[in-house]
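K.L.:
Have a look at this prediction, sequence included:
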4 protein chains.
Amino acid sequence: MVDVVKISDELVIGGKEFIIIAGPCAVESEEQMESIGKFLSGLGIKILRGGAFKPRTSPNAFQGLGMDGLKILKDIRNRYNLKVVSEIMDPRDVEKAYEYIDIYQVGSRNMQNYSLLKEVGRADKPILLKRGMGATIDEWVKASEYIRIEGNDRIIFCERGIRTFEDYTRNTLDLVSIPIIQSKTKCPIIVDPSHGTGRKELVLPSSKAALAIGANGIMIEVHPNPESALSDGFQSLNFREFADLFERITNMERVLKTIV
Amino acid sequence: MVDVVKISDELVIGGKEFIIIAGPCAVESEEQMESIGKFLSGLGIKILRGGAFKPRTSPNAFQGLGMDGLKILKDIRNRYNLKVVSEIMDPRDVEKAYEYIDIYQVGSRNMQNYSLLKEVGRADKPILLKRGMGATIDEWVKASEYIRIEGNDRIIFCERGIRTFEDYTRNTLDLVSIPIIQSKTKCPIIVDPSHGTGRKELVLPSSKAALAIGANGIMIEVHPNPESALSDGFQSLNFREFADLFERITNMERVLKTIV
Amino acid sequence: MVDVVKISDELVIGGKEFIIIAGPCAVESEEQMESIGKFLSGLGIKILRGGAFKPRTSPNAFQGLGMDGLKILKDIRNRYNLKVVSEIMDPRDVEKAYEYIDIYQVGSRNMQNYSLLKEVGRADKPILLKRGMGATIDEWVKASEYIRIEGNDRIIFCERGIRTFEDYTRNTLDLVSIPIIQSKTKCPIIVDPSHGTGRKELVLPSSKAALAIGANGIMIEVHPNPESALSDGFQSLNFREFADLFERITNMERVLKTIV
Amino acid sequence: MVDVVKISDELVIGGKEFIIIAGPCAVESEEQMESIGKFLSGLGIKILRGGAFKPRTSPNAFQGLGMDGLKILKDIRNRYNLKVVSEIMDPRDVEKAYEYIDIYQVGSRNMQNYSLLKEVGRADKPILLKRGMGATIDEWVKASEYIRIEGNDRIIFCERGIRTFEDYTRNTLDLVSIPIIQSKTKCPIIVDPSHGTGRKELVLPSSKAALAIGANGIMIEVHPNPESALSDGFQSLNFREFADLFERITNMERVLKTIV
């Protein structure tokens, strides 16, 4: 239904497999990432997320470890044979980050940062393009064309919720965008239920809905100790919770395949 | 997980079965309803929807057949052994409509019509309470308390999308509201993907997501000839499309039950 | 520019004068209303607002004094030669309330309560039609047609803010709706900055903007003792604050007239 | 009430004068800018707007003249003794653009482009920070802190409308944000009614409201021939319309000063 995006020789997004990306909101330390990398690879997770450059609403909030964070990510990637997705915010960092990450993430706040889109459009790595909080589907698709026009068509969309008047959840997850994006662009799309809902108890049900509606994967925030996370702890799963989600989603994927 | 709402001796909403309610936006004629009633009961559908009093944005649009429409609904109900859900907009119609319908629907525009809520709260029939287009989850729950406080606790919520800036879909379907409502109220909740998306091609994927996230049912617009429907034809399924949806959702329900 | 709506032989809305309506959110007691009526008529205010039937989000909140409240309003009206605007929520109350009030208010929650709109459309009193929190301008105009089609064209629109993601203010006051409504409908329109902003310190600046953009009036919540008000105290002005607003707006109106 | 931001020895924003910035959406040619510069300076306008780098939703839309556009702006600036505000989108362009412009504009799409904010925070020129379409007031204030923390406190906010469900206007102009920003930040704030409404007939009434509510200025799109503009012609005023607006706003400013 969609064209696959190749991540490595053995791994694609948009194929038959529902891809579960996991990791902490922010790379905090070697110890934290070692613990997470070991845990996730043990479960069979193939792609690790982790922010080195953190776009924080306030300049006084933790801004991420920057290049040091990317180095930690690379170590863990090599040790545990994981692929890595991490956000880049500055066009000048695209080249610097090249050797450390496997998928460039363009975050919500930068969905219409056209300089950045063009820069990653010139890189030969897949791009994870998150939806802007205030962006229509049409604007999101047009933002992806800034990447494509530079020659890079390995684009993976990521629905992460939009701004609405509803304030019980952090954002309103627009799951219906999934079949729309797939049909309009032929690109794969994954869902980020952690940011989309902002509440850990809603991550599992949202993940089930994402799988059922045909998303090509999910991206989940996992932290060894969410209570002490440097950002977004309230929406991160701990290891036990994530292992439970992983098992349930994997089971659901398995039985759904029997009826297609 | 939620308390069941009894519709009849054999039928509950909120139990183990995922309930599929179907029917036209508006009752247009005996012939139309005869055709729909026969088709739906043949598939095994147990609850028929159909509007007799239609809340239309403009007073110049078709306003429904009123009491004549209710009489048609009752005939079809008896002939095909269906239960009927239909919208009431005026507190003075609650008593009049009592013998014709099995579930009173309070529509989006009337979610905070407190006179109506109190009046249906005094009736001994289940209430389907649709979410207001501009209503938060908290306001929706509080609206239900106007019904409950009058003595009626047979409340079924219905998510039908909220108003956002996204204009590709008619509304933004807030599927994450489902586990929230279930957890806060212990009431069952169904989804209306026809109004929630406003596009027929999105009804099936949204229905799958509703099932997977744990909704207790869906309500689907079906019309023998959507192109000539007196209202909302663009979001109504024809018989072939609905039969396909019914089969797919039923299959999905079956396999999902194997993994709970 | 708009057609005037006649309130009495001496009073119109939509004419050259900018009309300032004031009063408490809810009628609480004779003493409260006596104090307010005396104060407002002393300033020269001609229309008193005050809720007898209160549409409250929760059934456990104060619901208003009902018919007793209307009787208090009528007493004050007669004693101080004020006109009275008050909200009606139930079509069955339109006739009952007829002798007590001069302008029927249809509130935000009932903007699309078509039974109520038709009922007030059959009354020979002016209607103040507030905008629904989730309603587009087009839907608001179409709602007014339900009144007009029954024969009542004395319609005054009231902008009171819409639901958006911005949460610093209670609603987002859409002041640009004012010239749009005037141009589309030829009806007068006033602004409710108390509900529109939900913060007393923003009532004066919003009132200035309403006057400058061409609104035909404003409606302000005033309470002798906002801290102890039974509803919406945080957005009500006390007497001193209202007297200050009245003087400033009156002065602004005077100087703006010199440049038209 | 707010701290003034100095633009030049003779010109501040945030002082007693209401500043009217005007110019085309995009710099299109020398001839166009010569015509506009002559017209505006003749009226007494002191700050010219004009986009050289245009953030367009689609990569296939006109992207602006880039550095060539900046050179044209500089020529016009010198010839007509105007100050120039123009948008920068790429942190790498901040230094390059330094000699050509007097006020750096950070556009809506880049309100949370933190690399760009930091870069302009290190420049010794005033910054015009537009509100993001989906940004709360709190996020907007926090975005400004990224500039301030680098040492630049010459920040001018610009309200340009937010994303809502209302689709008659391009955006919903949140005029109430003006007193809020002034009170929270002590920075001046201007309004862009051209983008805020997206309709030329609403530019004048919105400008009046902006003045009355206490904004420190407005920024208006003017084009010699809006019908043939390369972008946003439908919201641009022609010379005659702008001269009319200029006279009316100047008159209103004059009479309002008599009552402060």
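P.N.:
In hand now; what should we look at?

K.L.:
in the stretch 1-150 of chain A, which segments are predicted with low confidence?
P.N.:
By pLDDT under 70, the stretch 1-150 of chain A has no low-scoring segment.

K.L.:
residues from it in reach of chain B?
P.N.:
A:134, A:136-138 (Cβ under 8 Å from any Cβ of the partner chain). Every C-beta, even on glycine, is put in place using the N, C-alpha and C of the backbone.

K.L.:
and chain D, which of the residues you listed contact it?
P.N.:
A:134, A:138.

K.L.:
in the strand or helix carrying A:Gln32, what counts as buried?
P.N.:
Using DSSP states H and E, A:Gln32 sits within helix A:30-43. Buried residues in helix A:30-43, counted by 16 or more other Cβ atoms under 10 Å in any protein chain shown: A:32-37, A:39-41.

K.L.:
Turn the residues of the stretch 1-150 of chain A next to chain B into TSV, including neighbour count.
P.N.:
Output for these, formatted as TSV (neighbours: other Cβ atoms under 10 Å in any protein chain shown):
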residue	neighbour count
A:Gly134	24
A:Thr136	20
A:Ile137	22
A:Asp138	15
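
K.L.:
Out of the residues of the stretch 1-150 of chain A next to chain B, flag the one nearest to chain D.
P.N.:
Distance to chain D across those (Cβ to the nearest Cβ) is lowest for A:Gly134, with 1.8 Å.

K.L.:
Quick one: residues contacting the nearest residue to A:Ile190 once chain neighbours are set aside.
P.N.:
Spatial nearest neighbour of A:Ile190, excluding adjacent residues (Cβ to Cβ, 6 or more residues apart in numbering or on different chains): A:Gly217 at 3.9 Å. By Cβ atoms under 8 Å, 6 or more residues apart in numbering or on different chains, A:Gly217 lies in contact with A:13, A:18-21, A:188, A:190-191.

K.L.:
do the same with A:Phe242
P.N.:
Contacts of A:Phe242 by Cβ under 8 Å, 6+ apart are A:22, A:43, A:220, A:222.

K.L.:
Contacts only, for the first one.
P.N.:
Think A:Ala22. For A:Ala22, the contacting residues are A:40, A:45, A:47-49, A:219-222, A:242, by Cβ under 8 Å, 6+ apart.

K.L.:
And it, its phi and psi?
P.N.:
Dihedral angles phi and psi of A:Ala22 (degrees, to the nearest 10) take the values phi -150, psi 160.

K.L.:
Distance check, it against B:Val94.
P.N.:
Computed with Cβ to Cβ, to the nearest Å, the distance linking A:Ala22 and B:Val94 is 51 Å.

K.L.:
Over to the second one?
P.N.:
As for A:Leu43, its distance to B:Val94 is 55 Å (criterion: Cβ to Cβ).

K.L.:
And the last one, by the same measure?
P.N.:
Noted for A:Val222: a distance of 51 Å to B:Val94, by Cβ to Cβ.

K.L.:
Looking at those two, which is more packed in?
P.N.:
Per other Cβ atoms under 10 Å in any protein chain shown, whichever of A:Val222 and B:Val94 has more neighbours is A:Val222, with 29 against 18.

K.L.:
which ones are touching that one?
P.N.:
Applying Cβ under 8 Å, 6+ apart to A:Val222 gives the contacts A:22-24, A:36, A:39-40, A:236-239, A:242.

K.L.:
and A:Glu28, what element?
P.N.:
For A:Glu28, there is no helix or strand it lies in under DSSP H and E.

K.L.:
Could you give the number of residues near it?
P.N.:
A:Glu28 has 23 neighbours, counted by other Cβ under 10 Å.

K.L.:
can I get the CA coordinates of stretch A:94-107 in PDB?
P.N.:
Extracted C-alpha coordinates of stretch A:94-107, given in PDB (Å, rounded to 0.1, in the frame of the first residue of the first chain):
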ATOM      1  CA  VAL A  94      23.000  17.700   9.600                       C
ATOM      2  CA  GLU A  95      26.500  17.000   8.400                       C
ATOM      3  CA  LYS A  96      28.000  16.800  11.900                       C
ATOM      4  CA  ALA A  97      25.400  14.300  13.000                       C
ATOM      5  CA  TYR A  98      25.700  12.100   9.900                       C
ATOM      6  CA  GLU A  99      27.900   9.400  11.200                       C
ATOM      7  CA  TYR A 100      26.000   9.000  14.500                       C
ATOM      8  CA  ILE A 101      22.500   8.400  13.500                       C
ATOM      9  CA  ASP A 102      20.500   6.300  11.000                       C
ATOM     10  CA  ILE A 103      17.300   8.400  10.700                       C
ATOM     11  CA  TYR A 104      17.200  12.100  11.000                       C
ATOM     12  CA  GLN A 105      14.100  13.300  12.900                       C
ATOM     13  CA  VAL A 106      12.600  16.700  12.100                       C
ATOM     14  CA  GLY A 107      10.500  17.700  15.100                       C
END
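
K.L.:
Residue of the stretch 101-250 of chain A nearest chain B, please.
P.N.:
In the stretch 101-250 of chain A, the residue that lies nearest chain B is A:Ala212 (3.3 Å; Cβ to the nearest Cβ).

K.L.:
In contact with the residue nearest to A:Lys71 when sequence neighbours are not counted, which residues?
P.N.:
Distance criterion Cβ to Cβ, 6+ apart; nearest residue to A:Lys71, sequence neighbours excluded, is A:Tyr100 at 6.9 Å. By Cβ under 8 Å, 6+ apart, the contact list for A:Tyr100 reads A:70-71, A:73-74, A:84, A:86.

K.L.:
For the residue nearest to A:Ile190, give the beta-bridge partners.
P.N.:
Beta bridges link A:Gly217 to A:Ile19, A:Ile190, judged by DSSP bridges.

K.L.:
average model confidence for the one helix or strand A:Arg254 maps to?
P.N.:
Under the criterion of DSSP H and E, A:Arg254 resides in helix A:239-257. Across helix A:239-257, pLDDT averages out at 98.

K.L.:
what two of the contacts of A:Phe242 are the furthest from one another?
P.N.:
The distance between the two most remote of these (Cβ to Cβ) is 11.5 Å, for A:Leu43 and A:Ile220.

K.L.:
For A:Ile218, give me its contacts.
P.N.:
A:18-21, A:190-193, A:207, A:210-211, A:249.
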